[in-house]
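K.L.:
What follows is a predicted structure for the sequence shown.
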Amino acid sequence: GQQVMQIPQYQHVQEGEDFTTYCNSSTTLSNIQWYKQRPGGHPVFLIQLVKSGEVKKQKRLTFQFGEAKKNSSLHITATQTTDVGTYFCSASYIPTFGRGTSLIVHP
Amino acid sequence: DTEVTQTPKHLVMGMTNKKSLKCEQHMGHRAMYWYKQKAKKPPELMFVYSYEKLSINESVPSRFSPECPNSSLLNLHLHALQPEDSALYLCASSQVEGLASSTDTQYFGPGTRLTVL
């Protein structure tokens, strides 16, 4: 089945620093979705990207979909302790999640 | 209402027990999903129901038996589980099942944390 590779697996930042996680696919994706899972919680939908080169913003979060629709990124500006959690990308007809990037924010 | 509910929140069962997990949504979604999630791992798809019919079974052992009584409800019947089946079981729903090469936004329930002794 289709695979999405996500890096890094973990990221430690000081509060106020920026954070980026990346998802890559060997095949062209129709769309990609991003989810956030807080510790002890369940995945919560953040956004869906559909168009080549698409960029969407949600406050301090910026989501990008590559021109070739094979990669995507999530960037958080000036992280806060409330950003702590694991961020997953998801793609393909049979929903496949990347392994996730766990963000740890040190106050 | 964008809520997916799951019961119970926690379940402890022995290897000889039979139990069921329940999931409910009232968003009019026609696709429902069961996932298994182990600690520090992504959710792994188990089953997909589309318009109340099983459309995807990701080679799940027969000790897990899904059921979709109607468009709002999804059950997962458990029998003769193994300790390695202990995990968080997540239910999700979406408007429709993803078409070929696409997928639809999924709304997840809070999960049932299952421990098999």
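P.N.:
Structure's in. What do you need? Residues are numbered from 1 along each chain as shown, chains lettered A, B, ... in the order given.
K.L.:
Name the residues linked to A:Gln37 by a beta bridge.
P.N.:
A:Thr86 (DSSP bridges).
K.L.:
Return the distance of the residue most central in space within chain B relative to chain A.
P.N.:
Nearest to the geometric centre of chain B sits B:Trp34, at 2.4 Å (CA atoms, centre = their mean). Distance from B:Trp34 to chain A, counting by CB to the nearest CB, to the nearest Å: 11 Å. No exception for glycine: its C-beta is placed from N, CA and C like everyone else's.
K.L.:
mind checking how far that residue is from B:Ser59?
P.N.:
13 Å (CB to CB, to the nearest Å).
K.L.:
for A:Pro39, same thing?
P.N.:
Taking CB to CB, one finds A:Pro39 at 30 Å from B:Ser59.
K.L.:
the more surrounded of these two?
P.N.:
Comparing A:Pro39 with B:Ser59 by other CB atoms under 10 Å in any protein chain shown, the one with more neighbours is A:Pro39, at 8 against 5.
K.L.:
my guess is that one meets A:Val84, correct?
P.N.:
Yes - contact between A:Pro39 and A:Val84 holds when scored by CB atoms under 8 Å: they sit 7.1 Å apart.
K.L.:
partner strands of the least confident helix or strand in chain A by mean pLDDT, parallel or antiparallel?
P.N.:
In chain A, the helix or strand scored least confidently by mean pLDDT, DSSP states H and E is strand A:96-97, which has a mean of 86. Note on strand A:96-97: by DSSP bridges, its sheet partners are strand A:85-91 (antiparallel).
K.L.:
didn't A:Asp18 look like it was pressed against A:Ala78?
P.N.:
Yes - using CB under 8 Å, A:Asp18 is in contact with A:Ala78, at 6.9 Å.
K.L.:
Can you give me the end-to-end span of stretch A:29-41?
P.N.:
28 Å (CA to CA, to the nearest Å).
K.L.:
now that stretch: mean pLDDT?
P.N.:
Stretch A:29-41 carries an average pLDDT of 93.
K.L.:
Please list the outside residues in contact with it.
P.N.:
Residues outside stretch A:29-41 that contact it (CB atoms under 8 Å, 6 or more residues apart in numbering or on different chains): A:2, A:4, A:23, A:43-50, A:63, A:65, A:69-70, A:72, A:74, A:84-92, A:97, A:100, B:101-103, B:105-106, B:108, B:110.
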